[in-house]
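Undergrad: The amino acid sequence is not available; the structure is as follows:
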């Protein structure tokens, strides 16, 4: 029987099947309790706030509103439980609505439809229950890895992703291999690591971003827009004098290694972070 | 600000706001434990099995495969946690694939995309985790009442619903009103009830099915198909000599009234079943 590659589940290529399944299944903490992503993502909300004027300007300058279909489809790749995602969807739909209003075309405003995507283990129940009761858009949840195809071909008008593309699909194999020159002993991240380690992470990122972009290229309509908010390390960053996202990765890595030394889990597990 | 009626949440019109919210939020039991719908829906699976040859024949006779777009969209309205729904989607997609094969057009087989719909309180997490790893279709979950619009206009090729349209959107007000001639004291169903009671239920069903069909009429493409499997009471049914779906409703009603008499809950609550 013919199976359609786009929708076949990606198989993790890490040698250990158990580890492979684990890594491919991580999602943010669900629910809305004290340890939930919903209660612990104010930093990510800040990213959306900072991006707001940039997104609005790009919609104002680049969206060709005279050649849209009757439904304008938006997707958020890596939506988690939705709190920040809904805020972003509000920004995008409102900016488009304003464009139509300013140009005197409000009667031609398309219907909006939003696809909320995250891994299959994401807490979509919390997402659906946190959707605003009154909103400008229809909504669907799409489970699966954004490193593969998720939506029908050439139907997506606006691809959005925030604080998600920094997560790799898998830990580079060589950094886990104590016989490799890229073995990243005692660390969970590439910052401050040897050149070989950095290259392994960079290669994995290149593979992942390529599969993401290839998939979106199939899904986007001609003239579609894409807004990708990706946490990154400033080129001029001095870890000794300034705080940035990766500072906390250092801190976590150090904690994991202390826990490993105390026998709470194996050091090898401590290495297996994907970011 | 303009809001799009299709995607505004329906507000239950029952007088008590608390009761209204309760009734509009019922979904089948989630998870896969001993009391879950997944473990207690073999009857509903039987309905799918019985309908299989009818669906296959209708697809064979009525689907105009020469005028389809590159994506064939199917929706299941009232999918619950997916076990039976996935079986039905397999039947539909496989029957269409076979049509293309028989007519020598297999190279033109469209991509399939399935929208799984149920109420916002449905356990979509279990649904997404029970999707077959290898399947012929892309998948999305759509939360919301199927008595309103759920999908973009004129995009749906096949609307399917099984064992769901028998659930009313609300209990008819008059059957709860002890001053009304349609008060249905001591019963949770219209079978064996007075004419006034039956009329109230019939009117509510007419309203509900109309809103369902109106919504699907907007969503379906011209030439789209619809398969609705609706449990019903045979016209010639004699409750004293034959078992059918509603026999168990009698049984439940009787149990509820016994529990009400034992003070486990008020008799009024016992009446408030929607089927």
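TA: Right, received. Where do you want to start? Owing to the predicted nature of the structure, the values given are computational and were not obtained by experimental measurement.

Undergrad: and residue A:113, what element?
TA: Taking DSSP states H and E as the criterion, residue A:113 maps to strand A:111-118.

Undergrad: Please tell me I have it right and residue A:128 contacts residue B:120.
TA: Yes: using C-beta atoms under 8 Å, residue A:128 is in contact with residue B:120, at 5.1 Å. For glycine as for every other residue, the C-beta is placed from the backbone atoms N, C-alpha and C.

Undergrad: Overlap in contacts, those two.
TA: Listed contacts common to residue A:128 and residue B:120 are residue B:143; contacts here mean C-beta atoms under 8 Å, 6 or more residues apart in numbering or on different chains.

Undergrad: Those two: which has the busier surroundings?
TA: Between residue A:128 and residue B:120, residue A:128 has the larger neighbour count (other C-beta atoms under 10 Å in any protein chain shown), namely 25 against 20.

Undergrad: which residues touch the more buried one?
TA: A:82, A:139, A:141, B:120, B:124, B:141, B:143.

Undergrad: Between those residues, which has the least confident prediction?
TA: Within the set of the contacts of residue A:128, pLDDT is lowest for residue A:82 (84).

Undergrad: How much space separates the closest residue to it other than its chain neighbours from residue B:67?
TA: Sequence neighbours aside, residue A:127 is the residue nearest to residue A:82 in space, at 3.9 Å (criterion: C-beta to C-beta, 6 or more residues apart in numbering or on different chains). As judged by C-beta to C-beta, to the nearest Å, residue A:127 and residue B:67 stand 36 Å apart.

Undergrad: Residue A:237 touches residue A:243, doesn't it?
TA: No: in this structure, residue A:237 is not within contact of residue A:243 by C-beta under 8 Å, at 9.7 Å.

Undergrad: who's more crowded, these two?
TA: The residue with more neighbours, out of residue A:237 and residue A:243, is residue A:237; 16 against 9, by other C-beta under 10 Å.

Undergrad: right, and the helix or strand after the helix or strand hosting the residue nearest to residue A:82?
TA: Assessed by DSSP H and E, residue A:127 sits inside helix A:124-129. Downstream of helix A:124-129, the first helix or strand assigned by DSSP H and E is strand A:137-143.

Undergrad: More neighbours: which of residue A:127 and residue B:67?
TA: More crowded of residue A:127 and residue B:67, by other C-beta under 10 Å: residue A:127, with 26 against 9.

Undergrad: Name the next helix or strand downstream of the helix or strand of chain A with the lowest mean pLDDT, please.
TA: The helix or strand with the lowest mean pLDDT-type score in chain A, counting by mean pLDDT, DSSP states H and E, is helix A:17-25 (a mean of 44). Note on helix A:17-25: by DSSP H and E, the next helix or strand toward the C-terminus is helix A:42-62.

Undergrad: Excluding its own residues, what touches that following helix? List them.
TA: Against helix A:42-62 from outside (C-beta under 8 Å, 6+ apart): A:83-84, A:87-88, A:91-92, A:95-96, A:99, A:162-163, A:225, A:227, A:229, A:231, A:245.

Undergrad: what are the phi and psi angles of residue A:156?
TA: Residue A:156 adopts backbone torsions of phi -100, psi 130, taken as degrees, to the nearest 10.

Undergrad: Could you find the closest non-adjacent residue to the residue most central in space within chain A?
TA: Among the residues of chain A, the one closest to the centroid is residue A:164, at 2.0 Å (C-alpha atoms, centre = their mean). Distances taken as C-beta to C-beta, 6+ apart place residue A:78 nearest to residue A:164, at 2.6 Å, with adjacent residues excluded.

Undergrad: thought the residue nearest to residue A:82 was touching residue A:79?
TA: Yes: applying C-beta under 8 Å, one finds residue A:127 in contact with residue A:79, separated by 6.6 Å.

Undergrad: Common neighbours of these two, please.
TA: Shared contacts of residue A:127 and residue A:79, counting by C-beta under 8 Å, 6+ apart, come down to A:85, A:116, A:118.

Undergrad: The first one: neighbour count?
TA: Burial of residue A:85 is recorded as 24 neighbouring residues (other C-beta under 10 Å).

Undergrad: Same question for the last one.
TA: Here the count is done by other C-beta under 10 Å, and residue A:118 has 27 residues near it.

Undergrad: Quick check, it in contact with residue A:145.
TA: No: using C-beta under 8 Å, residue A:118 makes no contact with residue A:145, being 9.4 Å away.

Undergrad: hang on, the earlier thing: and the strand holding residue A:113, does that touch chain B?
TA: Yes: using C-beta under 8 Å from any C-beta of the partner chain, we find that strand A:111-118 touches chain B at A:111, A:112, A:113, A:115.

Undergrad: and the angle from that strand to strand B:137-143?
TA: 110 degrees (axes from the mean of the first three to the mean of the last three C-alpha atoms, to 10 degrees).

Undergrad: what packs against strand A:111-118?
TA: Identification of packing neighbours for strand A:111-118 by 3 or more C-beta pairs under 8 Å, 6 or more residues apart in numbering or on different chains; DSSP states H and E yields strand A:71-77, helix A:83-102, helix A:124-129, strand A:137-143.

Undergrad: quick one: contacts of the lengthiest strand in chain A?
TA: Using DSSP state E to define each element, chain A has its longest strand at strand A:220-229. With contact meaning C-beta under 8 Å, 6+ apart, strand A:220-229 is reached by A:47-48, A:51, A:54-55, A:58-59, A:62-64, A:67, A:69, A:92, A:154-163, A:165, A:216.

Undergrad: Stretch A:63-72 too?
TA: Contacts to stretch A:63-72, defined as C-beta under 8 Å, 6+ apart, come from residues A:96, A:99-100, A:103, A:105, A:110-113, A:157-158, A:221, A:223, A:225, B:152-155.

Undergrad: Just the buried subset of those, written out for PyMOL, thanks.
TA: Of those, the buried ones go into a single PyMOL selection, burial set by 16 or more other C-beta atoms under 10 Å in any protein chain shown:
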select buried, (chain A and resi 96+99+100+110+111+112+113+157+158+221+225) or (chain B and resi 152+153+155)
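
Undergrad: separation between residue A:187 and chain B?
TA: With the distance defined as C-beta to the nearest C-beta, to the nearest Å, residue A:187 ends up 33 Å from chain B.

Undergrad: cool, residue A:58 as well?
TA: Note on residue A:58: its distance to chain B, by C-beta to the nearest C-beta, is 22 Å.

Undergrad: count of neighbours near that residue?
TA: Around residue A:58 there are 15 residues (other C-beta under 10 Å).

Undergrad: Would you mind giving both backbone torsions of the residue lying farthest from the centre of chain A?
TA: Each residue of chain A has a distance to the centre, and by C-alpha atoms, centre = their mean the biggest one is for residue A:104: 35.4 Å. Backbone torsions for residue A:104, taken as degrees, to the nearest 10, come to phi 70, psi 30.

Undergrad: Now for it: which residues touch it?
TA: Taking C-beta under 8 Å, 6+ apart, one finds nothing in contact with residue A:104.

Undergrad: sec struct for the closest residue to residue A:85 other than its chain neighbours, please.
TA: Spatially, and ignoring its direct neighbours in sequence, residue A:85 is nearest to residue A:79 (4.0 Å; C-beta to C-beta, 6+ apart). Under the three-state scheme (DSSP: H, G, I helix; E, B strand; the rest coil), residue A:79 adopts coil.

Undergrad: For residue A:48, see how far away residue A:79 is.
TA: 12 Å.

Undergrad: Have a look at the two and say which one is more surrounded.
TA: residue A:79 (28 against 20).

Undergrad: Quick check: residues of the stretch 51-200 of chain A near chain B?
TA: Residues of the stretch 51-200 of chain A lying close to chain B by C-beta under 8 Å from any C-beta are A:70-71, A:73, A:97, A:106, A:109, A:111-113, A:115, A:120-121, A:123-125, A:128-129, A:131, A:133-144, A:149-155.

Undergrad: Buried only: go through those for me.
TA: By 16+ other C-beta under 10 Å, these give A:71, A:73, A:97, A:109, A:111-113, A:115, A:120-121, A:123-125, A:128, A:131, A:135-144, A:149-153, A:155 as buried.

Undergrad: Flag every buried residue along stretch A:155-169.
TA: Under the neighbour-count criterion of 16+ other C-beta under 10 Å, stretch A:155-169 has A:155-169 buried.

Undergrad: All set, thanks.
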